[in-house]
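>>> I'll drop the sequence and a predicted model, then ask my questions.
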Amino acid sequence: MGEGADVRRASVGRSVLLHALCRTAEAVRRAVLHQADQNRQLVTEWDELFCPEWHRSLLTVFAVMAVGAPAADASPLFCETLAAVCGAVLHAPGVVLLHHALPARVDPDLDESHLFLSNLAEAEQSRPYQEDGRDDPKLALPTLFRLITSQTEPLVSGLLSDLAAGQTCLVDPSHESHCVVLTHLMAWHLAISYAGHLDTARKVMTAEALREDGLLDNLLQQLFSLMPDSPEVPESYADTHKSYFELEPIFDLSGSGSAEEVHHWACRTYAELLRQLPVLARSWRSSCERALALRVERLTADHVSPLLLAEEFGRLQAADKAIDNMTVRARPSVREVSAVYAMEEVSTELVVKLPTDYPLGHVVADAAGRRVGVAAGQWRMWMLQLTTFLTHQNGSVLDGLLLWKQNIDKRFQGVEECNICFYVLHGSNYQLPKLACRNCKKRFHPACLYKWFNTSSKSTCPMCRQLF
């Protein structure tokens, strides 16, 4: 009996000590962050010396506790300690999480709906990749995303159905709807981030599936019913001068919750949607009622566009050098990007102007005055191609410039343009025009030809009208 009591006392002592360590580390972390502006050396020492070692040890403790956690009969002390450990693990640096030495805990025989991370990692291998040249092929999001959002969508839509246009819903943190709305927003934020990290072809296919389903139209309508009129963060939620769009997610494991959490995740999800799938957001805005469209434009231009423009110009300045035979220069103060292309005796210069409500507004590409060895008609066609890509594709300005450059490169290499879209490289899948008419020998992109067959209801060549 005495030995058992000693074991229990030792277990209680370890739990109390661990709980205290986690709370102390969190207090130190907050204190260090509070001194970030005054003492950068202190922050650097914490980030590089103390923080990684602390979290490496904590990850092992977390894994042991999570695996050996009792069921519903867990003691209050155990629950409090596990919550403290979870709260501390949330702030572990990414490099520690990615390079930990914990044993694998995934059973390959488990059903895929239980494997969230492996579902994401293996999704592209398990789903078909359509390369048959059909127009606008579609690729749905992984199963787990659709499973979660299909359950939360009707509940969130029902909650917001009686809301008048322009009103913001305040979700009661004590009601179960608060958890449902947060789950809905977090799932969509992750889904949009996932779509944004796909390769170009799959990103286009996924965006097309979302457009056809109308799911993002519903989401955007919900976001503007959940975002506050002013995205400034109240002191009761976080001690910061940042807006909800800038502030990193805050995970509160105390279970108390707050209405501000919903505001925060709605703002973060809208910013991520503009970052990864701007064309879909632009299309939705154009179909909104005037009052809502004005609110969308105002909020985007005032609070989201400055963030995304800073990110865009950061990428451009990182590439602010010669890229083979093209030189890119970023001018953030006037929201412009200049590009100079030179090949043999040909020299062209263009300027891309970004709008104040980027990426909702239209990007304009125009000549900068210098054009040597390029006919006016050819130059207009190149400008049209670049403008089309920047307007209708979910890519960055740098992506558009690189595609424009590759098209011109291929032209000078003697590769024939597609006689439907007049691109060398297709704007979506980057394919070359590889289908040729047996009669006139003109070449076409498979996707362009498929679209021609569909819209014309004919199987003839677009040029000579002979049976293809």
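Here it is on my side, so go on.
>>> Excluding chain neighbours, give the residue nearest to residue 359 in space.
Computed as C-beta to C-beta, 6 or more residues apart in numbering, the closest residue to residue 359 that is not its neighbour in sequence is residue 278, at 3.7 Å. The way it works is simple: take the backbone N, C-alpha and C, and place the C-beta from them, glycine included.
>>> can you pull the pLDDT of the one you found?
pLDDT recorded at residue 278 is 91.
>>> residue contacts, it?
Residue 278 makes contacts with 359-360, 394, as judged by C-beta atoms under 8 Å, 6 or more residues apart in numbering.
>>> Among those, which one is most surrounded by other residues?
Within the contacts of residue 278, neighbour counts (other C-beta atoms under 10 Å) peak at residue 359, which reaches 26 neighbours.
>>> Next up, the contacts around that one.
Residue 359 sits next to 274, 278, 281-282, 305, 308 when contact means C-beta under 8 Å, 6+ apart.
>>> returning to that earlier point: quick check, nearest of the contacts of residue 278 to residue 337?
residue 359 (13.7 Å; C-beta to C-beta).
>>> who are the neighbours in contact with the residue most central in space within the chain?
Among the residues of the chain, the one closest to the centroid is residue 193, at 3.1 Å (C-alpha atoms, centre = their mean). By C-beta under 8 Å, 6+ apart, the contact list for residue 193 reads 272, 276.
>>> Where does it sit, in terms of helix or strand?
Assigned by DSSP states H and E, residue 193 falls within helix 176-196.
>>> can you give me the offset of that helix from its chain's centre?
Relative to its chain's centre, helix 176-196 lies at 12 Å (C-alpha atoms, centre = their mean, to the nearest Å).
>>> and the nearest residue to residue 417 once chain neighbours are set aside, what helix or strand is that in?
Spatial nearest neighbour of residue 417, excluding adjacent residues (C-beta to C-beta, 6+ apart): residue 424 at 5.4 Å. Of the helices and strands defined by DSSP H and E, none includes residue 424.
>>> Name the spans of the stretch 301-450 of the chain whose pLDDT lies under the cut-off.
319-322, 344-345, 368-375, 427-430 (pLDDT under 70).
>>> the helices in it, which residues?
Secondary structure of the stretch 301-450 of the chain by DSSP state H, counting those that start in this stretch: the helices cover 305-318, 376-392, 397-412, 446-456.
>>> Pull out the buried residues from the last one.
Just to be clear, that refers to helix 446-456. Buried residues in helix 446-456, counting neighbours by 16 or more other C-beta atoms under 10 Å, are found at 446-452.
>>> Between all of those, which two are separated the most?
446 and 452 (10.7 Å).
>>> that older thread, now do the residue nearest to the centre of the chain against residue 268, distance only.
10 Å (C-beta to C-beta, to the nearest Å).
>>> Run through the residues that contact residue 293.
285-286.
>>> Residue 340 too?
With C-beta under 8 Å, 6+ apart, residue 340 has these contacts: 326-327, 347-349, 370.
>>> The nearest residue to residue 179 once chain neighbours are set aside: neighbouring residues, count only.
Leaving aside its chain neighbours, residue 179 sits nearest to residue 257 (7.8 Å; criterion: C-beta to C-beta, 6+ apart). Applying other C-beta under 10 Å, we find 17 other residues in the vicinity of residue 257.
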